[in-house]
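Student: here is my input; please provide its structure:
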Amino acid sequence: MEKKRVVVTGMGIVSPIGTGIDTFWNNVKEQKVGIKEIDRFDITEYKSKLAAQVEDFKAADFMDAKSARRMELFCQYAVAAAKQAIEQSELDLEKEDTNRIGVCVGSGIGSLEAMENAHKKLLEKGPKRISPMLVPTMITNMAAGNVAIYFGLKGKCTNIVTACATGTHSIGEAYRYIQWGEADVMVAGGTESSVTPIGIGGFSALTALSNSEDPKRASIPFDKERDGFVMGEGAGVVILESYEHAVARGANILAEVVGYGATCDAYHITSPAEDGDGAARAMSLAIEEAGIKPENVEYINAHGTSTHHNDLFETYAIKKAFGDHAYNLNVNSTKSMVGHMLGAAGAVEFIVCVKSVMEDYIHATVGYQVPDEELDLNYTKEPETGKKVNYALSNSLGFGGHNGSILVKKWEA
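Tutor: Numbering: from 1, shown residues only. Next comes the predicted model:
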């Protein structure tokens, strides 16, 4: 069986710098930083006091009140982003065979808030007062489940969980499903809502979070003064279709997915491999599948978390995968504006790659000021508008050694 071509026809987003693709992308271009002091709980005793919170989201704009009440925030975000993506794609679900439309929307954690609230109730009032809806609202697969239920999508429905690589692997696996004929259309992406006491406390205890109290100097990927990531939240969802299906219905094609690589470091539960080998292999696999040379890639949207180890080892990985061409690449990190959206990060960064090849625009790594002698690539201090972006590669590296790279190509009919 010959592999099918896969194209992108719709995108949706809920992010710390805006809900909706147009709002989000305009704010990217304006270099808006969506980081501020946490205002959802008392942060007095917390070392890390900043987060990239979603500020403008109203579930009622995307779903009915009854449905919203049965969803935790990470599911609401996923359904909202999926609705946007379906609307942009102009899929008419009443005319489509919904048995051939699947969902692959992952969450790295699910609902920490639901667990926190239930645990408090358990301690104060006993186990009989725990809600019967606790489990079906907190578990990670309910983002995919709720998207499928809300839109009546009866094809393959899966939930990829690979920590910070969840969004990239979700889109990558959805791409595979279509390539091999398991679906005609996939609603794919990632979602997260972990700006909660245990979320911030847990990552802070791991010493993974920035302790900066300056929103402009907290999430600063590749900067010598970086001291950890900033927790973000939101969702990114895209519509992937087989080329044949998209053409048959006259869809507006935004970009093509041409390569996907997934590897494991098998090295450490939190640190990437020090030589960058696993991430380098993921990039190389995506490029090899596309049938191009490393020199054909113009831009990498890096995992770029603003932690010392990630940014250093990812730089090593890029050099290993691209050789001398690494110095010709534009490398940036969207996390400089939206923080680290965990399971949603890769999906949002994939969307950025699609917009970049559509508009030949590579955004700045906002806040990057102090070069690190060990990091010597072009980390895009200022926006790049002077080159044609034919291929954009998005990287995600998750705790546990999970690496994912996905390659987006400019659409030319």
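Student: any figure for the gap between residue 77 and residue 326?
Tutor: Going from residue 77 to residue 326 by Cβ to Cβ, to the nearest Å gives 35 Å. The way it works is simple: take the backbone N, C-alpha and C, and place the C-beta from them, glycine included.
Student: comparing these two, which residue is more hemmed in?
Tutor: residue 77 (35 against 20; other Cβ atoms under 10 Å).
Student: looking at this, that one is in a helix?
Tutor: Yes - according to DSSP: H, G, I helix; E, B strand; the rest coil, residue 77 belongs to a helix.
Student: give me the nearest residue to it, chain neighbours excluded.
Tutor: Among residues not flanking residue 77 along the chain, residue 235 sits closest, at 3.8 Å (Cβ to Cβ, 6 or more residues apart in numbering).
Student: what separation is there between the one you found and residue 24?
Tutor: For residue 235, the distance to residue 24 - Cβ to Cβ - is 11 Å.
Student: same question for residue 203.
Tutor: For residue 203, the distance to residue 24 - Cβ to Cβ - is 24 Å.
Student: between those two, who's got more neighbours?
Tutor: Ranked by neighbour count (other Cβ under 10 Å), residue 203 and residue 24 place residue 24 first, with 28 against 19.
Student: mind listing what the nearest residue to that one once chain neighbours are set aside touches?
Tutor: Of all residues not flanking residue 24 in the chain, residue 18 sits nearest, at 4.4 Å (Cβ to Cβ, 6+ apart). Residues near residue 18 by Cβ atoms under 8 Å, 6 or more residues apart in numbering: 24, 26-27, 32, 56.
Student: strands of the stretch 1-150 of the chain, start to end?
Tutor: Along the stretch 1-150 of the chain, counting by DSSP state E, counting those that start in this stretch, strands occupy 6-15, 18-19, 36-37, 50-51, 101-106.
Student: mind putting these in a markdown table, distance to residue 68 included?
Tutor: A markdown table is the format used below for the strands of the stretch 1-150 of the chain (distance: least, Cβ to Cβ, whole Å):
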| stretch | distance to residue 68 |
| --- | --- |
| strand 6-15 | 14 |
| strand 18-19 | 15 |
| strand 36-37 | 25 |
| strand 50-51 | 23 |
| strand 101-106 | 17 |
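Student: closest to residue 322 out of the ones you listed?
Tutor: Among the strands of the stretch 1-150 of the chain, strand 6-15 comes nearest to residue 322, with 24.1 Å by Cβ to Cβ.
Student: does that closest one pack against any helices or strands, and if so which?
Tutor: If contacts are counted by 3 or more Cβ pairs under 8 Å, 6 or more residues apart in numbering; DSSP states H and E, strand 6-15 sits against helix 21-29, helix 73-89, helix 166-179, strand 234-242, helix 243-248, strand 255-264, helix 345-359.
Student: deepest in the core, which of the ones you listed is it.
Tutor: Highest mean neighbour count of these: strand 234-242, a mean of 31 (counted as mean count of other Cβ atoms under 10 Å).
Student: that one vs strand 255-264, what angle?
Tutor: For strand 234-242 against strand 255-264, the angle by axes from the mean of the first three to the mean of the last three Cα atoms, to 10 degrees is 110 degrees.
Student: mean confidence score for strand 234-242?
Tutor: The average of the pLDDT scores along strand 234-242 is 98.
Student: quick one on the thing from earlier: could you check how far the residue nearest to residue 77 is from residue 154?
Tutor: Distance from residue 235 to residue 154, by Cβ to Cβ: 22 Å.
Student: residue 61 now?
Tutor: Going from residue 61 to residue 154 by Cβ to Cβ gives 26 Å.
Student: who has more neighbours, the two?
Tutor: For the pair residue 61 and residue 154, the greater number of neighbours falls to residue 154 (14 against 11), based on other Cβ under 10 Å.
Student: the more buried one contacts residue 103, doesn't it?
Tutor: No - with contacts counted by Cβ atoms under 8 Å, residue 154 stays clear of residue 103, the gap being 9.6 Å.
Student: which neighbours do those two have in common?
Tutor: By the contact definition Cβ under 8 Å, 6+ apart, residue 154 and residue 103 are jointly contacted by residue 148.
Student: where does pLDDT dip in the stretch 151-300 of the chain?
Tutor: For the stretch 151-300 of the chain, not a single residue meets the criterion pLDDT under 70.
Student: bridging across strands, which residues link to the residue nearest to residue 24?
Tutor: Beta-bridge partners recorded for residue 18 (DSSP bridges): residue 15.
Student: just the pLDDT for it.
Tutor: Here, the pLDDT recorded for residue 18 equals 98.
Student: do you know how far it is from residue 267?
Tutor: Residue 18 sits 37 Å away from residue 267, going by Cβ to Cβ.
Student: all helices for the protein, in order.
Tutor: With DSSP state H as the criterion, the chain has helices at 21-29, 65-69, 73-89, 112-125, 134-138, 142-151, 166-179, 197-205, 243-248, 277-290, 308-322, 335-338, 345-359.
Student: for residue 95, find the nearest of the ones you listed.
Tutor: Among the helices of the chain, the nearest to residue 95 by Cβ to Cβ is helix 243-248 (11.6 Å).
Student: distance from that closest one to the middle of the chain?
Tutor: Put simply, helix 243-248 sits 26 Å off its chain's centre (Cα atoms, centre = their mean, to the nearest Å).
Student: that one packs against which elements?
Tutor: Judged by 3+ Cβ pairs under 8 Å, 6+ apart, helix 243-248 is in contact with strand 6-15.
Student: and the strand it packs on, how far out from the chain's middle?
Tutor: Mean-position distance between strand 6-15 and its chain equals 11 Å (Cα atoms, centre = their mean).
Student: also compute the angle for that strand relative to strand 234-242, please.
Tutor: Using the same axes, to 10 degrees, strand 6-15 lies at 170 degrees relative to strand 234-242.
Student: now strand 6-15: buried residues?
Tutor: Within strand 6-15, the residues that count as buried by 16 or more other Cβ atoms under 10 Å are 6-15.
Student: swap in stretch 271-288?
Tutor: Across stretch 271-288, burial judged by 16+ other Cβ under 10 Å covers 272-273, 276-287.
Student: among the residues you listed, which one sits closest to residue 1?
Tutor: Proximity of those to residue 1 (Cβ to Cβ) peaks at residue 285, which lies at 20.4 Å.
Student: which residue, neighbours along the chain excluded, lies closest to that closest one?
Tutor: Once flanking residues are discounted, residue 285 sits nearest to residue 261: 3.0 Å by Cβ to Cβ, 6+ apart.
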